[in-house]
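Undergrad: next comes the sequence, and after it the predicted model I'd like to discuss.
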Amino acid sequence: MSEDLTHADPFLSAAGSAAAAAVSGPEVPPASAGGASSGPAPGASAVGGAAAPSGPAAGAAVAGSDAAGSAAGAATPAQGLTPEAYQPFTLPQDMAVDDGLLGRFRSVAAGLGLTQQQAQQLVDLRVEQARQEAEAHTACSRQWVEQARRDPEFGGAGFQTALAVADRGLAAFATPDLRTLLDHTGLGNHPEVIRLAYRIGRTLAEPGPVQPGAVPAEAMSTADFYAREVFGS
C-alpha cells in the first residue's frame with residue numbers, strides 16, 4: 001500500500017478524478033429590495049413598487065416608459081435562435097461533459113435568446129465552479145490522510161505497517177468494485193474506513209506455509225465475524 005497521494009491505492013489515493021460536470025446555467029439570486037422598509041411606502045403599489053401617476057405626470061411617465069422599453073428592446077439578444085445555431089463551446093480538454101445535458105443547455109440558451117458569447121460566459125462560470133469543487137474535494141481527501149497519520153490507534157511511527165494490515169483486511173473481504181469506489185471517491189483515505197479495514201486485518205493470520213497436521217479454523221458466517229471480531233459483541 002503506497003503512501004503516494006497520486007496513486008490509486010484505496011487508503012492513500014488522492015481524491016478521485018473530478019466528476020464530469022454537466023454544463024448548466026448558474027442559479028440567479030432574487031433581486032434585493034434595496035430599501036430598509038419592510039413594506040411599500042404610502043401610496044406605493046405592493047406589486048409595481050410605486051403608485052401609478054395620474055394627470056399630466058402620467059403622460060410623461062408613459063412616454064418615459066416607451067423610451068425605456070425601446071432601449072431595453074435594443075439591448076435584448078436576437079430571438080429565433082435554435083440549439084443547433086451554437087458553435088461548440090470552449091471547454092477544458094480534460095473535462096468530460098454529458099452530451100444530453102449539454103444539449104438541454106443549448107435549448108435553454110436558445111429559448112432565452114442568448115448569443116454565442118453570452119452562452120459561453122455561462123459555460124465558463126460552470127467550469128470554474130466544477131474546478132473549485134474538485135480542488136475542495138482533493139483538499140478534503142488530503143486532510144483525511146493527515147488525520148489518519150495522527151490517529152492514536154493506527155497512526156504514528158507504525159502507520160505504514162498499519163496500512164499493510166488494513167490492506168490485508170480489505171483484500172480479504174472487499175470486492176474490486178468496492179476498492180474502486182473507495183479510490184475514486186477518496187473515501188479510502190478517511191480514518192474511519194482505514195480503521196475498519198485495519199481491525200479486520202488484525203483478526204486475520206499472517207499468510208504463511210501450512211503446517212503438517214494443522215486443523216482448519218472453524219467456519220464463521222460474515223455476520224458472526226463482524227459481531228465477534230470487528231465490533232467485539
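TA: The structure has been received and is ready for your questions.

Undergrad: rest of the way, CA atoms for contacts and neighbours
TA: Fine.

Undergrad: for stretch 102-122, buried residues please.
TA: Using 16 or more other CA atoms under 10 Å as the test for burial, stretch 102-122 gives 102, 105-110, 112-116, 119-120, 122.

Undergrad: meant to ask about stretch 122-130, not that
TA: Using 16+ other CA under 10 Å as the test for burial, stretch 122-130 gives Leu122, Val123, Asp124, Arg126, Val127, Ala130.

Undergrad: can you check stretch 175-186 too?
TA: Residues of stretch 175-186 classed as buried: Arg179, Thr180, Leu182, Asp183, His184, Thr185, Gly186 (neighbour count, 16+ other CA under 10 Å).

Undergrad: ditto for stretch 140-150
TA: Residues of stretch 140-150 classed as buried: Cys140, Ser141, Arg142, Trp144, Val145, Ala148, Arg149 (neighbour count, 16+ other CA under 10 Å).

Undergrad: what mean pLDDT does it get?
TA: What stretch 140-150 shows for mean pLDDT is 95.

Undergrad: next: stretch 121-133.
TA: Averaging pLDDT along stretch 121-133 gives 96.

Undergrad: what pLDDT is listed against the residue lying closest to Gln87 once chain neighbours are set aside?
TA: Of all residues not flanking Gln87 in the chain, Gln116 sits nearest, at 7.3 Å (CA to CA, 6 or more residues apart in numbering). For Gln116, the model assigns a pLDDT of 96.

Undergrad: so Gln116 sits against Tyr86, correct?
TA: Yes - using CA atoms under 8 Å, Gln116 is in contact with Tyr86, at 6.1 Å.

Undergrad: pLDDT weak spots in the protein?
TA: Low-confidence segments of the chain (pLDDT under 70): 1-80, 205-233.

Undergrad: all helices of it, in order?
TA: Counting by DSSP state H, the chain has helices at residues 56-75, 99-111, 116-149, 159-173, 176-185, 191-202, 222-225.

Undergrad: to Leu81, which of the ones you listed lies closest?
TA: helix 99-111 (5.1 Å; CA to CA).

Undergrad: just the angle between that closest one and helix 116-149, please?
TA: Per axes from the mean of the first three to the mean of the last three CA atoms, to 10 degrees, the angle that helix 99-111 makes with helix 116-149 is 140 degrees.
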